[in-house]
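[1] need coordinates for the below:
(2 chains)
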Amino acid sequence: KNEVEQSPQNLTAQEGEFITINCSYSVGISALHWLQQHPGGGIVSLFMLSSGKKKHGRLIATINIQEKHSSLHITASHPRDSAVYICAVGGGETSGSRLTFGEGTQLTVNP
Amino acid sequence: DAGITQSPRHKVTETGTPVTLRCHQTENHRYMYWYRQDPGHGLRLIHYSYGVKDTDKGEVSDGYSVSRSKTEDFLLTLESATSSQTSVYFCAISGPSMGSYEQYFGPGTRLTVT
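    Below you'll find the model as predicted:
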């Protein structure tokens, strides 16, 4: 069993829909990261969080440390949100350290 | 965008040849990482560095070595490339930056070993 599990693996939505991607992990962590990878390969950090909730534009990330679970929500989805979303755990808020990654969720948003 | 570049961006090489990939940063960040990305495996850590001349192995370090003689450069060497090392390689850096240790990724190097 992987230390970081994401669901679903693939997700297709219509423009405007509310989207949720889930991440569960089995190890103790100091921080959880959400990353975005567009076709063509570039990887961008969306969020790093260790508790509660963070919001950036239409993206919201939540984490429940007790349940070892995080969710990434996209409101009013748009075709440009189509990408692979990757959850990773490790690297703390007070130090850099190695990350362990989930396999990613392929999101396709159709117009 | 964080100042991080990788070179080369694409390389095709033959089995048994040595290959060196370079990661260069302009952010003066302490931590640097090399990952490989393969279908069905996601991103996996090869080696990382927590300072000049300070490096450690990741989960898939066999067949790879690294060096960091300057803060800004982190080199990944495949001493004798094998077909199993065909992959996309990403370098990443982390801070602190704005009080955070988020990781910033380079554009990737696509390596094909024939």
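[2] and the most centrally placed residue in chain B, what is it in contact with?
    Nearest to the mean C-alpha position of chain B, by Cα atoms, centre = their mean, lies residue B:34 at 2.8 Å. Contacts of residue B:34 were listed using Cβ atoms under 8 Å, 6 or more residues apart in numbering or on different chains, and they are B:21, B:23, B:45-48, B:58, B:64, B:66, B:74, B:76, B:89-91. In this view, the C-beta of every residue, glycine as well, is placed from N, C-alpha and C.
[3] again, only using 6 Å
    Contacts for residue B:34 (Cβ atoms under 6 Å, 6 or more residues apart in numbering or on different chains) come out as B:46-47, B:76, B:91.
[4] and it, how far from chain A?
    To chain A, residue B:34 is 11 Å away according to Cβ to the nearest Cβ, to the nearest Å.
[5] ok, what's across the strand from that residue?
    residue B:47, residue B:91 (DSSP bridges).
[6] likewise residue A:54?
    residue A:61.
[7] test my guess that it contacts residue A:47.
    Yes - counting by Cβ atoms under 6 Å, residue A:54 does reach residue A:47; the two are 5.1 Å apart.
[8] shared neighbours of those two, anything?
    Common neighbours of residue A:54 and residue A:47, using Cβ under 6 Å, 6+ apart, are residue A:61.
[9] what are the pairing partners of the helix or strand of chain A with the lowest mean pLDDT, and which direction each?
    Within chain A, confidence by mean pLDDT, DSSP states H and E is lowest for strand A:99-101 among all helices and strands, at a mean of 88. Sheet pairing for strand A:99-101, assigned by DSSP bridges, gives strand A:83-90 (antiparallel).
[10] give the buried residues for the host helix or strand of residue B:68.
    Residue B:68 belongs to strand B:64-70 when assigned by DSSP states H and E. If you call a residue buried by 16 or more other Cβ atoms under 10 Å in any protein chain shown, then strand B:64-70 has these buried ones: B:64, B:66, B:68.
[11] after the lowest-mean-pLDDT helix or strand in chain B, next one along is what?
    Ranking every helix and strand in chain B by mean pLDDT, DSSP H and E puts strand B:103-105 at the bottom, with a mean of 90. The element immediately downstream of strand B:103-105 (helix or strand, assigned by DSSP H and E) is strand B:109-113.
[12] chain A contacts on chain B?
    By Cβ under 6 Å from any Cβ of the partner chain, the residues of chain B that approach chain A are B:31, B:42-43, B:45, B:48, B:94, B:101-102, B:105, B:107-108.
[13] take those and lay them out in a markdown table including neighbour count.
    Shown next, in a markdown table, are the residues of chain B next to chain A (neighbours: other Cβ atoms under 10 Å in any protein chain shown):
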| residue | neighbour count |
| --- | --- |
| B:31 | 22 |
| B:42 | 21 |
| B:43 | 24 |
| B:45 | 21 |
| B:48 | 25 |
| B:94 | 26 |
| B:101 | 23 |
| B:102 | 22 |
| B:105 | 22 |
| B:107 | 15 |
| B:108 | 21 |
